[in-house]
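Q: no FASTA, just this:
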């Protein structure tokens, strides 16, 4: 039997599923840890987003690498070597044509023979270099820069009986252009072997220049 002055205890308040009060006054603390977390592309909740990010980063890295390699590698030097081969073709043709002229002096004939053989041999080295660079050449391309005005000038000089002097003047000009193209190719080269080949070719061209300028030496 309870004492008369004791009040009955009030049952704890709860929150029913219908939204009415119920449960403990501290439920908000324990329930906070159970709240749904937001999705994050890096927390493993969204695999597709993570894959997309990784693929995107790889693409950016590849693009940067490709640009950097291109900048470091520099431009192709095939145009410089093609120019050398074309200048060689010009000199070979002039020498060939000179050997067909009946009034050619002995000095000019010896020069033309030497030049034809020497430059043709050196041209093979240049064409082989271009071939190794996967650059295709043909007679049409090599003859593209043939100086038609020089050829006409030489043809006209036969009638004027000035062929030998005209031939020497034009060959000096073409040999100088040839040397200039060799310098350009040399400056564009990266390897020591290629530079050495060009140095040797330039030395041969220098001998030819001295031959045409001073035939008696």
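A: Good, I have the coordinates. Computed from a predicted model, the values in this text were never measured in an experiment.

Q: The residue nearest to the spatial centre of the chain in helix, strand or coil?
A: Nearest to the mean C-alpha position of the chain, by Cα atoms, centre = their mean, lies residue 75 at 3.5 Å. Recorded secondary structure, residue 75: coil (DSSP: H, G, I helix; E, B strand; the rest coil).

Q: According to the record, where do the domains of the chain fall?
A: According to automatic domain parsing, the chain comprises the domains 39-72, 77-213.

Q: Would you work out how far apart the start and end of the last one are?
A: From the first residue to the last, domain 77-213 extends over 31 Å; the measure is Cα to Cα, to the nearest Å.

Q: could you give me the average pLDDT of that domain?
A: On average, the pLDDT along domain 77-213 is 97.

Q: ok so, going back, could you identify which of the domains of the chain is most buried?
A: Compared across the domains of the chain, domain 77-213 shows the largest average neighbour count, a mean of 16 (mean count of other Cβ atoms under 10 Å). Quick note: C-beta positions are derived from backbone N, CA and C, even for glycine.

Q: now residue 215, what's its secondary structure?
A: Three-state assignment for residue 215 (three-state DSSP): coil.

Q: What sits closest to it if chain neighbours are left out?
A: residue 107 (4.2 Å; Cβ to Cβ, 6 or more residues apart in numbering).

Q: Against which helices or strands is the helix or strand where the one you found lies packed?
A: In this structure, residue 107 sits in helix 106-132 according to DSSP states H and E. Contact analysis of helix 106-132 by 3 or more Cβ pairs under 8 Å, 6 or more residues apart in numbering; DSSP states H and E lists helix 78-98, helix 163-188, helix 192-213 as its packing neighbours.

Q: Rebuild the ones you listed as TSV, extending it with distance to residue 147.
A: Formatted as TSV, the helices and strands packed on helix 106-132 follow (distance: least, Cβ to Cβ, whole Å):
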stretch	distance to residue 147
helix 78-98	6
helix 163-188	8
helix 192-213	17
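
Q: and of those, who's closest to residue 111?
A: helix 192-213 (5.3 Å; Cβ to Cβ).

Q: Which neighbouring elements make contact with the closest one?
A: Partner elements for helix 192-213 (3+ Cβ pairs under 8 Å, 6+ apart): helix 106-132, helix 163-188.

Q: let's see 10 Å
A: Secondary-structure packing of helix 192-213 (3 or more Cβ pairs under 10 Å, 6 or more residues apart in numbering; DSSP states H and E): helix 78-98, helix 106-132, helix 163-188.
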